[in-house]
Structure formats: structure tokens, C-alpha cells
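# sequence and computational prediction follow.
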Amino acid sequence: MPGRPATDQQVRMYMESRRHHIQRIAAAKTGLSERTGRRIERDPRLPSQKTAERPLRRQTVDPLGGLWESDILPLLASRPGLRPVTLIEAMHLRHPDRDWDRLRRTLERRVRAWRAEHGPEHEVIFRQDHPPGRQGLSDFTDMADLGVHLAGEPLAYRLYHFVLAYSGWEHAEPVLGGESFTALACGLQNALWALGGAPAEHRSDSLSAAFRNLDRDAAEDQTRRYEALCAHYRMQATRNNLGVAHENGAVESQHGHLKRAVAQALMLRGSTDFDSFDAYRDWIADLVGRRNARRDKLVELERAQLRPLPPRRTTDHDEATVLVTSSSGFILRKVFYTVPSRLIGYRLKLRIYDDRLECFLGQSRVLSLPRGRAPGDGRRVQVVDYRHIIHSLRRKPMALLHLVYRDALFPRPAFRDAWQRLLAAGDARLACRTMVGLLALAHDRGCEAELAAALAEQIEDDGLPDLSRLRARFAPTTTTVPDIVVVLPPIASYDALLPGMAMGATS
């Protein structure tokens, strides 16, 4: 056979068969190639007779010069975690006369072969069989490297990601505040209600990131809330071990696929800039929906095994109570928020979501505020709406000059540019009066966007905003009410209808 040397028995059989057959047939009967048959006929000696005459192979010189056994092997045996690069550095110090950089590949092969026989045991990954409807997994992944912008400003966010282990059905939504119980509860419930059922088990990571800044009692309370959330949907709450990401492998592997899909879709879109956070959230939902459409058959199999949803959702927010101060605002988690001044002195109950605050006075919802987050560098953050305070600022325009949250008061960049131009002109009193007048005009006429565009034009043309011209431009249009003459018929004319009514009654 090709690749196997002929034996003494094959040679003898070939020579016997050759007496009665041609060379090709004799080789085939013996299991040899025709070429081997020709070689045997040229030299009819048996293979065993030729072996004794073969010269000995040249012995290869050990490139490490015996240092493997004397120096390197003892180091590896005592410290198995040493890398070949580290061993080369140690050999440079012990034997500087050798060219160790040239021997790097040789040493790497020796170390790899030694570890295969004598190295430590590795952790084994146990592949799991996921039956339909059994397990759903949640996790967060950082998306900042995709370079998404909102109205030109970079967006720092994470993506909440839910995956069914069997079918791969997924739900994803951007999260502004990082990993938190609120984001997990809201995202998980959105996923379950979009799916139309709940798996038997919900698996998450250790939730250490969500509870990082909480004290022990608060962390235990959040843990109880998470377990109550899963119990509401009759799911068994499980977690993977701390620092062992592959135990959440069914969702971890999907992270990479989804991030690549988002990156490719952004390239196809031609822009990473979105008008608003809601627009980006809708875009992500549309992308995930198209990905799920390719899994319809598996999803239908899994939906049949899911548990029915409860009649309603459960709590997916944090709660707090705040007092509205005389500044027409309150402080929550190091962020100052303004509210309408009619609420000064009242206590508001807050429902804290990932992207907003819902404010309740008793059982009545009074307003919703966008949620702000304090950075870790100690800077002040304010969420200010000029509409809440403009009526008081009209009476005290000079309060704007040194207002603590003055920069957050301006709703658009054009207003901030106008203030800087007015202040640079040198008359602080006039600057304050003009700026308060501009904010009041935007509030009264509901023309914030149009006024910002007009301000940008005036600043570009004249350098300073002209309040009188802008008031005239956005003044309400006067209309005249037309005179409408109503001619009433005489009362006696209705008597003509009486005979007809009488005839209808007799019939």
C-alpha cells in the first residue's frame, strides 16, 4: 500500500506470482504498487536484509544546549504559570552569551508540549441543552464604542439585552444610567410583554454592578425586589457566579452578534446621529424586530412552552419622596430639578425610571421630568425648565446674573450664545433684561425653536439680539371678527305649519 514499506512476506509472494503473471498483475495480487515491483526486481533482496545496511540518522543538536533540563524545567515545575517570554528574560540574565531571541519559537514549543503533559488542569466548559421555554437570560453591554450621537452630542449608554436560550429571540433597548435594578426590571418586563409569555427560569449575572453603590441593607432590598419581580411572572430567579461570564454564555455570545449588527446597520444608514433618544430607541427596536423575524419557526415552538403572563405588570421603578423648596425645585441623588412654583412647600412622591421621573401629588400625577445623572467628578448637574420660573424671573431679571443654574436655564445653544454676546457688551443690567425678555417671549408665544433660529440669524448679522424686533416678529396676528347678520323670520310665519301637523296627527 502507498506510504507503507513492503514486508519480507510480500516480496516473497511477489516473486512467486511474478513467475506466472506480468509485473502489474503480480504487484496487485501482492498488495504492492507497480513501482515497488520494479524496484524489487532491480534488487531482489528482502527488506530485512537491507535494513542492516542503512546508515544511522544524523543526530540533531539540541538548540537549547542542555539548558532545558538544568535551568528551564525546574523553573516551570516550581512556577507553572511562567510564560515563555518571561523565561527568555530569565535566561538572558543567567546565560547572556546565548542568542535567546532566536530560540523563542523553540522554547514556546517545548513549554507548550510540557504543559500538555505536566501542566495544571483547565476549567471545563459544559455545553448545555436548552429545551424550549426553559430559560431566558438578561445582561447589559456597553455600546459607547459605536460613536452614536444625539443632535450632535455623543451618547454614553448601555444596551439591556434579553435572549431566549432555545430560539435566540431577543429584546434590546438603550439604557442611559448603566446597570441598575430599575433598568433590569423595566427592560425585562418590556421583553416579556413583547414576547407574550415568560420562560420557566430567568438568569442574570451576579447584579454586582447594579448594587455597587448601595449599602448592605439597600442591596438586600434590591435583591428581594428582583426575586419578587421574577415570582410575579412565575420565573425561577437564578444568577451566574461572580466573575464567571461564560455561565451567561447564551446571552454573552449574542452581545457580539448584536453589536456587529448595530455597527453594520449604522454604516448602512450613513450616519450615527439621531434627533432624539426616542428616535434611537425606535431604530434599535426595528433592527431587533428584523433579526427576530428570521427566527419565527423556533420562536413559535418556544412560545407554545412559555408560561402565560399575569394580568398586569409589576413595579419597574424606584421610589422616593422629596420636598419642593423655595427655589421651586428639589434635589434627588445630587441632581437639582425645577418644578412649577405652585408646588413649593409640597411633598412629591417620585417614581424613578431609567430615563424620567414621574411626580405625584398624592395619587395624582402632576408632571414628568427628564432624569439627570451626576458625574463622578463632583460637578453640579441641574435639570431646569425655564417655563417653571419665568413668571418670577420677569419681576427680578437681575437674579439671572448670578443664578446658580443659569447655564442650565437656556433651552437651546442659540440662547446661550445670545447671553454671552449681551454680557460681553458690558451692560449687565441690559443683558439680564433682554435675556429674560427673550425667555418670556419663547414661553408666551410657544416659539422656542423659531426664536432660537431667529436669534442665530441676528447674532450672525448684527452681533447682538434685538428684543424689540423679535417681539414684533413673533407678535400675535390681529384678526377682525366679521359682522354676521342673522335675519329671524316673523313668529306668525310658523302658523303655516300647523295645518300640515294636524293632518299628520289624524292620519
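Nice, I can see it.
# so who does Glu201 touch?
Going by C-beta atoms under 8 Å, 6 or more residues apart in numbering, Glu201 touches Arg134, Gln135, Gly136, Met235, Gln236, Thr238. To be clear about C-beta, it is placed using only N, CA and C from the backbone, and glycine gets the same treatment.
# again, 7 Å this time
Glu201 makes contacts with Arg134, Gln135, Met235, Gln236, Thr238, as judged by C-beta atoms under 7 Å, 6 or more residues apart in numbering.
# buried ones only from the residues you listed, please, as a ChimeraX command.
Filtering those down to the buried ones (16 or more other C-beta atoms under 10 Å) takes a single ChimeraX command:
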select :134,135,235
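# right, and out of the contacts of Glu201, which lies closest to Cys432?
Nearest to Cys432 out of those is Met235 (C-beta to C-beta; 57.9 Å).
# any idea how far Arg347 is from that closest one?
Counting by C-beta to C-beta, to the nearest Å, the gap from Met235 to Arg347 is 36 Å.
# how about Gly196, nearest residue that isn't a chain neighbour?
Once flanking residues are discounted, Gly196 sits nearest to Arg303: 6.5 Å by C-beta to C-beta, 6 or more residues apart in numbering.
# what is the burial count for that neighbour?
By other C-beta atoms under 10 Å, the residues close to Arg303 number 16.
# same question, Arg224
Arg224: 10 neighbours (other C-beta under 10 Å).
# on that earlier part again, restricted to helices, list the contacts of Glu201.
Mapping these onto helices (DSSP state H) picks out no residues; all lie outside.
# may I see the contacts of Glu201 arranged in JSON lines, with pLDDT as well?
Shown next, in JSON lines, are those (pLDDT from 0 to 100):
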{"residue": "Arg134", "pLDDT": "88"}
{"residue": "Gln135", "pLDDT": "88"}
{"residue": "Met235", "pLDDT": "92"}
{"residue": "Gln236", "pLDDT": "90"}
{"residue": "Thr238", "pLDDT": "85"}
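# which of the contacts of Glu201 lies closest to Trp193?
Closest to Trp193, out of all of the contacts of Glu201 and judged by C-beta to C-beta, is Met235, at 13.7 Å.
# circling back: surely the residue nearest to Gly196 is in contact with Ala198?
No - applying C-beta atoms under 7 Å as the test, Arg303 and Ala198 come out as separate, 10.9 Å apart.
# common neighbours of these two, please.
Residues touching both Arg303 and Ala198 (C-beta under 7 Å, 6+ apart): there are none.
# find the residue at the geometric middle of this protein.
Central residue of the chain (C-alpha atoms, centre = their mean): Leu159, 2.2 Å from the mean position.
# so that residue sits in a strand?
Yes - counting by DSSP: H, G, I helix; E, B strand; the rest coil, Leu159 is located in a strand.
# OK, contacts around it?
Neighbours of Leu159 in contact, by C-beta under 7 Å, 6+ apart: Phe140, Thr141, Met143, Ala172, Pro174, Val175.
# ok, what's across the strand from it?
Leu159 forms beta bridges with Thr141, Pro174, as assigned by DSSP bridges.
# report the contact partners of Arg79.
Counting by C-beta under 7 Å, 6+ apart, there are no residues that Arg79 touches.
# where does it fall, phi/psi-wise?
Main-chain torsions, Arg79, degrees, to the nearest 10: phi -140, psi 80.
# number the residues from 243 up from this point.
In the new count, where the first residue is 243, that last one comes out as Arg321.
# how close does Asp517 sit to Gly668?
38 Å.
# once you drop chain neighbours, what's closest to Ala507?
That would be Leu529: by C-beta to C-beta, 6+ apart, it lies 5.5 Å from Ala507.
# can you get me a residue count around that neighbour?
If we define neighbours as other C-beta under 10 Å, then Leu529 has 17 of them.
# state the helix or strand in which it lies.
Counting by DSSP states H and E, the element that carries Leu529 is helix 519-535.
# quick one: average pLDDT of that helix?
Computed over helix 519-535, the mean pLDDT rounds to 92.
# what's it packed up against?
Judged by 3 or more C-beta pairs under 7 Å, 6 or more residues apart in numbering; DSSP states H and E, helix 519-535 is in contact with strand 412-417, helix 491-511.
# what's the first helix or strand after it?
helix 538-545.
# now the angle from that next one to helix 519-535?
Helix 538-545 runs at 90 degrees relative to helix 519-535, counting by axes from the mean of the first three to the mean of the last three C-alpha atoms, to 10 degrees.
# related to what we said a few turns ago, I'd like the contacts of Glu443 as JSON lines, with distance to Pro741 appended.
JSON lines is the format used below for the contacts of Glu443 (distance: C-beta to C-beta, whole Å):
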{"residue": "Arg376", "distance to Pro741": "85"}
{"residue": "Gln377", "distance to Pro741": "86"}
{"residue": "Met477", "distance to Pro741": "80"}
{"residue": "Gln478", "distance to Pro741": "85"}
{"residue": "Thr480", "distance to Pro741": "89"}
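# what's the helix or strand containing Met333 in contact with?
Take DSSP H and E as the rule and Met333 turns out to sit in helix 326-336. Residues outside helix 326-336 that contact it (C-beta under 7 Å, 6+ apart) are Leu309, Asp313, Ile314, Leu317, Arg340, Trp342, Arg346, Leu349, Glu350, Val353.
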